[in-house]
Every structure is written in structure tokens, then in C-alpha cells.
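>>> using only what follows, build the 3D model:
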Amino acid sequence: MNLSEMNVVKPVLWLVLLGVSLVGCSIPQAKDHSLKSISAVTDTSNFAILEFTRYNSGPFDSTEVKATSLNEIEIFEVHYLVAKAIREYNANIDSADWKWYAADLQKGLFNRQYIPVINGKGEKVVWVNFFCDAGNKAWRTTEVFVHDGGNCYFNLLVNLTTKSTSDFFVNGYA
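Numbers count the residues shown, from 1 in each chain. Okay, the predicted model is just below:
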């Protein structure tokens, strides 16, 4: 490897190490059974990983996917890809509609559920479900599904294999 290649690789490695250490440091071990494959994660008070079942299926057809888990790095990737998708989505919202349709995480009100699966192509895909009101702790084990509710409820798919997002959907109002 020549000197110019090392100058490119070195900062990238430092960024990866920094990201992994930020995710793993000073974070308590997850005890929630839905996080059984994770030894240390980001703040788990606002998200849960649900195992794909017929009761927690998100938008997936059970004949086309199979359950899987997420590791620490995959959770970090999901967070990154979701943040990117939200920025892109919000950039296309008219200012008059912002109050009703923007996915505004700055409010800090959202909990989220992740349902990871392997699709028919062998790709790891995660359905990410955001919602404001978690009146009880059942959201940690049972999929939250509502009609309407506006931008207090939105979801999207994250494909970890292709590093892409799709099907970004913000609920409407009745």
C-alpha cells in the first residue's frame, strides 16, 4: 500500500473505531429479551427490537421472509440510514405542511420498533416503526399499529444489505 492510499484508509478506520466506541462505551447491557443478540447498544430506552412473528410482522408477508437479529454495528447502520432518510424526506415537505407531515425527531418524543428479517433475495431488511405515545410498555414486545395520527406515526424499510431505505410513510389525519 502506498502513502496516498494509507492517508485515505487511516481516517476511515479512525471514524469506524470512533463510531463503534461511541456506540459501545458507557452504555448499560441490554436485558430486554428482544435485544438478546446485542451485548451493548445505544440508548435502548426509546427503541425495541421485535422478533418477526405472525403478531409482529410489520409490512412483511410471512411466506416471503424469515426472522433474524441485529448486532451492534447493524443497529448503528440502521440509525444512520434512518437519519439520512428523514433528512431527505423532510427536505421535500412544503413549509405549510411541515407541522402535519414532517418527521421531526428533534422533539424527542418518538419511540421506535425494529423488526429485522431476511427477505427472499437473502437481504437483511429492517422495518422501523416510529410513534409518539407509548402509554404502556407493551410497545417493547408488541408491534404498534394505528390508523391516522399524522406525523406522530411513521415508518420505513431499511435494507442493510444494499444500505438503502424505502417505503417511507407518514400517517395521515382522519
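
>>> strands along this protein, start to end?
For the chain, strands defined by DSSP state E occupy the ranges 47-49, 66-67, 111-118, 124-131, 153-159, 164-170.

>>> Leu109 is in contact with Cys132, isn't it?
Yes - counting by Cβ atoms under 8 Å, Leu109 touches Cys132, with 4.7 Å between them. Bear in mind the C-beta positions are built from the backbone N, C-alpha and C, glycine included.

>>> list residues touching both of these two?
When Cβ atoms under 8 Å, 6 or more residues apart in numbering defines a contact, the residues bordering Leu109 and Cys132 alike are Cys152.

>>> most packed of the strands of the chain?
Looking across these with neighbours counted as mean count of other Cβ atoms under 10 Å, the highest average goes to strand 47-49: a mean of 25.

>>> give me the mean pLDDT for that one.
What strand 47-49 shows for mean pLDDT is 88.

>>> and if you look at stretch 129-143?
The average pLDDT for stretch 129-143 rounds to 80.

>>> residues touching Gly122, list them.
Contacts of Gly122 by Cβ under 8 Å, 6+ apart are Thr161.

>>> that one and Asn159: what is the separation?
Distance, Gly122 to Asn159, by Cβ to Cβ, to the nearest Å: 11 Å.

>>> repeat for Lys137
29 Å.

>>> any chance of the strands of the chain in TSV, with distance to His79 too?
Compiled in TSV, these are given as follows (distance: least, Cβ to Cβ, whole Å):
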stretch	distance to His79
strand 47-49	9
strand 66-67	21
strand 111-118	10
strand 124-131	9
strand 153-159	9
strand 164-170	12
